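> Provide a 3D model corresponding to the input given below.
(one chain, ligands or ions: 2)
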Amino acid sequence: MHLLVTGGCGFIGSNFIQHMLAAHQDAVIVNLDKLTYAGNRRNLAEVESLFLGRRYHFVHGDICDQTLVPELLGRFPFDAVLNFAAESHVDRSISDPFPFVTTNVLGTQNLLEAARQAEIPRFVHISTDEVYGSLGPTGQFTEDTPLAPNSPYSASKASSDLLARAYFHTYAMPVIVTRCSNNYGPYQFPEKLVPLVYLKASRNEAIPVYGDGQNVRDWIHVMDHCRGVEAALLKGTPGAVYNFGGDAERTNLEVVRTILKLSGKSEDLISFVADRPGHDRRYAMAYARSTADLGWTPRQSFEDGMASTLAWYTSNGAWLDEVQSGAYRQFMDKWYRTRQA
Ligand code: NAD
Ligand code: TYD
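Numbers count the residues shown, from 1 in each chain. Ligands and ions are numbered 1, 2, ... in the order given. This is a model prediction of the structure:
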C-alpha cells in the first residue's frame, strides 16, 4: 500500500504516519511537508531511523507547487493521497488569513487536480468540525449539518471540503472527507489550548482563558482520530463525509482545571483575557455514520487520554523547547499583548 501523506510533520500527520507504519507491514509512505513553523521533522525521528529510504520517504515541498505535486504522484504507484497539510490555528487565521486561503484552498485544489490527472484510486481529505459553525447549548453536528464556518480558518477548510465534494460529483473522483473534533495528544504545537496550558503551568506563567471560559469543545485523543482516518481510507465509500468525535464535551475552563490538577498547579494561574473575535460557542459531534459504515468509535476517555498526554509532554521537555522558536514566541507575545489591551 503506497500512501502520499501531506503535512506529515505536523501534529496529527506525524501520529498518523507512526500508526500506519506500525499497523501495516505493507505500507510505504511518502510525506510531503513544507515544514512551516508547525512542521517538525523530529516528530518522525524514530520513523526516519527505522524506515527512511525504504518504507518511509520525506519530500520537503509545498502542496501548492504545480510542478512538484504532479511529478511526485508519478514517482510511486500510489494507492491513496491523505491530505493533512494545512494552516491549522484559528488565532493565526484572524491575524493573517492569506496563508490559510493559499494552503488550505489553493493547495487542496492543486492536490485534487494532480490526483485526478494521475488517477489515484483514493483521496482522503482531513477536515474539521469547525466547518459546521457554532452550536447552542444542545444538539450535535451530523454530516448533513449545513456548513456555516465563522473564522478564516474554518472558512478555508469548508472551501476545501467543497472542492473535494465538487471533484467527486464532477469527475467521479473517489474522494472521502473526514471531519474531526478538537484533538489532543503527543506532538501538538504549543499554540493550541492543551499543550499551551501545560507549558505555561509548568513555568508558573499566567494561563490565558478567552472570554468567560464557557466555550465547549468535544475533545478526542489524536490516536482515535488516526484510527478513524485509517478506517475511512480502508473502508470508506467514495463521496462520503465521516464525522469523528470524542464523546468528551468540556468547557475550556474544565479543560484548564483538569490540566492544572494533573500538573499539581494552582488555579490562581488562570487569567481571563479578551475573547477571540467570532469565537464559536460550542462544538459537539455525532458520529453514528462512522460507527455504522467504518466500525469506528473513540476508545480513549478524556481523563486517561489527558493524563497520558501530559505524561508525554513531561518526558519530552526537549521537544517542547525545540519547537519554541524565536518566530513563534514573537507571534504569541504580540498576540497576547493585543488581546490584553
Ligand atoms: P499542524 O499545524 O500541526 O500541522 C500542519 C502540517 O502541515 C505541518 O507539518 C506543516 O508544515 C504542513 N504544511 C502547512 N502548509 C503546507 C503546505 N503548503 N504544503 C505542505 N505542507 C504544509 O496541524 P494538525 O493539527 O496536525 O492538523 C492536521 C489536519 O487536521 C489539518 O488539515 C487540520 O485542519 C485538521 N484537523 C485538526 C484538528 C486539531 O484539533 N488539530 C481537528 C480536526 C481537523
Ligand atoms: P484551540 O486549541 O486554539 O482550538 P480551536 O480554536 O480550533 O477550537 O482552542 C480551543 C479552545 O480554547 C477555543 O475555544 C479557544 C480557547 N483558548 C483559550 O481560551 N486560550 C488560549 O490561549 C487558546 C490557545 C485557546
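> ok, the residue in the chain that ligand 1 sits nearest to - contacts?
With C-beta to the nearest ligand atom, the shortest gap between the chain and ligand 1 falls at Gly10, namely 2.0 Å. The C-beta positions use only the backbone N, C-alpha and C, and glycine is treated the same way. Residues counted as contacts of Gly10 (C-beta atoms under 8 Å, 6 or more residues apart in numbering) are Asp33, Ala38, Gly39, Asn43, Phe84, Ala85, Ser88, Phe189.
> could those residues go into a markdown table alongside distance to ligand 2, neighbour count and pLDDT?
What follows is the contacts of Gly10, written out as a markdown table (distance: C-beta to the nearest ligand atom, whole Å; neighbours: other C-beta atoms under 10 Å; pLDDT from 0 to 100):
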| residue | distance to ligand 2 | neighbour count | pLDDT |
| --- | --- | --- | --- |
| Asp33 | 20 | 27 | 98 |
| Ala38 | 12 | 24 | 94 |
| Gly39 | 18 | 21 | 94 |
| Asn43 | 18 | 24 | 95 |
| Phe84 | 15 | 26 | 99 |
| Ala85 | 17 | 29 | 98 |
| Ser88 | 8 | 24 | 98 |
| Phe189 | 10 | 21 | 95 |
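> show me where this structure has helices.
Under the criterion DSSP state H, helices of the chain are mapped to 11-23, 45-51, 68-73, 90-95, 98-100, 108-117, 152-171, 193-202, 222-235, 252-263, 288-294, 302-315, 317-323, 326-340.
> format those as TSV; extra columns: mean pLDDT and mean neighbour count.
TSV is the format used below for those (pLDDT from 0 to 100; neighbours: other C-beta atoms under 10 Å):
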stretch	mean pLDDT	mean neighbour count
helix 11-23	98	22
helix 45-51	96	14
helix 68-73	98	18
helix 90-95	96	18
helix 98-100	98	17
helix 108-117	98	21
helix 152-171	98	20
helix 193-202	96	21
helix 222-235	98	21
helix 252-263	98	18
helix 288-294	98	17
helix 302-315	97	16
helix 317-323	87	13
helix 326-340	64	12
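> these: which one's closest to Gln214?
helix 252-263 (6.7 Å; C-beta to C-beta).
> still on that earlier bit, using JSON lines, lay out the helices of the chain together with distance to ligand 2.
Below are the helices of the chain laid out as JSON lines (distance: least, C-beta to the nearest ligand atom, whole Å):
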{"stretch": "helix 11-23", "distance to ligand 2": "11"}
{"stretch": "helix 45-51", "distance to ligand 2": "25"}
{"stretch": "helix 68-73", "distance to ligand 2": "27"}
{"stretch": "helix 90-95", "distance to ligand 2": "4"}
{"stretch": "helix 98-100", "distance to ligand 2": "12"}
{"stretch": "helix 108-117", "distance to ligand 2": "18"}
{"stretch": "helix 152-171", "distance to ligand 2": "7"}
{"stretch": "helix 193-202", "distance to ligand 2": "4"}
{"stretch": "helix 222-235", "distance to ligand 2": "13"}
{"stretch": "helix 252-263", "distance to ligand 2": "4"}
{"stretch": "helix 288-294", "distance to ligand 2": "20"}
{"stretch": "helix 302-315", "distance to ligand 2": "13"}
{"stretch": "helix 317-323", "distance to ligand 2": "15"}
{"stretch": "helix 326-340", "distance to ligand 2": "8"}
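> that older thread, out of the contacts of Gly10, which touch ligand 1?
Among these, the residues within reach of ligand 1 (C-beta under 6 Å from any ligand atom) are Asp33, Ala38, Gly39, Phe84, Ala85, Ser88, Phe189.
> closest to Asp129 out of the residues you listed?
Once C-beta to C-beta is applied, the member of the ones next to ligand 1 among the contacts of Gly10 that ends up nearest Asp129 is Ser88, at 13.2 Å.
> what about the closest one, distance to Ala231?
22 Å (C-beta to C-beta, to the nearest Å).
> for Pro121, the count of nearby residues, please.
Residues lying near Pro121 (other C-beta atoms under 10 Å) number 13.
> distance of it from Val197?
42 Å.
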